[in-house]
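Q: Got a predicted structure plus its sequence, pasted below:
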Amino acid sequence: MSLSPHTTPSGFLLPSIHAAPPFFTQQPNPATQAIVTEQWSRLILSYARHRQLFTVRVEDAEVTGGEWDEILRNDRINRRLRSSHLAYILEQMAAKNQLVYDPPKQSRSALLYWRTPEEWAEVLHEWASTTGQLNTILTFYEIIEPPVPSPLSGIPMQILRKAIHILTKTNRAQIIAVADGEGVRFLPGNAGK
């Protein structure tokens with residue numbers, strides 16, 4: 001089999017390195033392992049963005065047919081990423097702030113930052129501006145589960161809270177107490193102010 005890109009059933013283009021059997025095993029040479037880990041980190045974040053996946057679990061490496069199966073295994077070369085290798089990759093990604101373990105104080109499940117909290121803050125404010133939501137109080141639920149799908153549909157509460165916190169620090173949002181808990185009012189402004 002040649003090393004060439006491959007498109008998955010979901011339409012994601014896998015890089016040619018995904019067809020290399022050594023890509024799926026931990027490498028004894030630290031320099032080589034660092035390159036492999038960087039490639040896996042990029043692949044995981046790209047795939048998560050493509051599929052709008054926010055969570056990855058170490059156990060996903062063992063689940064056949066799961067939402068991560070397209071990248072964590074390659075049946076064309078009879079290879080799959082072992083859960084111990086995925087755990088190592090996630091640890092390295094956490095060290096680079098590409099993910100955060102959720103819940104905290106464990107290392108088996110993580111929220112992926114395929115957009116940084118700062119990028120999510122910009123997406124959130126842009127959404128509020130373009131949908132006419134400035135100066136309107138919205139519950140967090142209305143943002144996560146809008147009546148019309150948006151780039152924020154399904155965003156985990158932890159990431160949403162971080163994005164709103166960033167906007168409050170730049171005076172572009174205000175957290176408001178509402179009957180069902182918390183809401184937010186988006187204010188006009190831009191990131192530079």
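A: Here it is on my side, so go on.

Q: which ones are touching the spatially most central residue of the chain?
A: Nearest to the mean C-alpha position of the chain, counting by Cα atoms, centre = their mean, stands L112 at 3.3 Å. Under the criterion of Cβ atoms under 8 Å, 6 or more residues apart in numbering, the contact list for L112 reads 44-45, 48, 53-56, 98-99. Placement of C-beta: from N, CA and C, glycine included.

Q: And for E182?
A: Neighbours of E182 in contact, by Cβ under 8 Å, 6+ apart: 139-140, 175-176.

Q: May I ask which of those has the most neighbours?
A: F140 (19 neighbours; other Cβ atoms under 10 Å).

Q: Surely that one and M157 touch.
A: Yes: look at F140 against M157 with Cβ atoms under 8 Å: they come within range, at 6.5 Å.

Q: Look up how far P9 lies from the residue nearest to the centre of the chain.
A: Distance of L112 to P9, given as Cβ to Cβ, to the nearest Å: 21 Å.

Q: again, but for I89
A: Counting by Cβ to Cβ, the gap from I89 to P9 is 23 Å.

Q: out of those two, which sits in the more crowded spot?
A: I89 (25 against 7).

Q: per-residue pLDDT, that one?
A: We have a pLDDT of 98 for I89.

Q: ok now do it, which residues does it touch?
A: Contacts of I89 (Cβ under 8 Å, 6+ apart): 37, 40-41, 44.

Q: Could you point out which residue ranges in the chain have low pLDDT?
A: Scanning the chain for pLDDT under 70 picks out 1-2, 191-193.

Q: taking the contacts of E182 one by one, which sit in helices?
A: F140 (DSSP state H).

Q: Go through the contacts of E182 and name the one nearest Q27.
A: Distance to Q27, by Cβ to Cβ, is smallest for F140 among the contacts of E182, at 42.8 Å.

Q: show me the contacts for that closest one.
A: 157, 160-161, 181-184.

Q: Give me the neighbour count for N29.
A: N29 is flanked by 9 other residues according to other Cβ under 10 Å.
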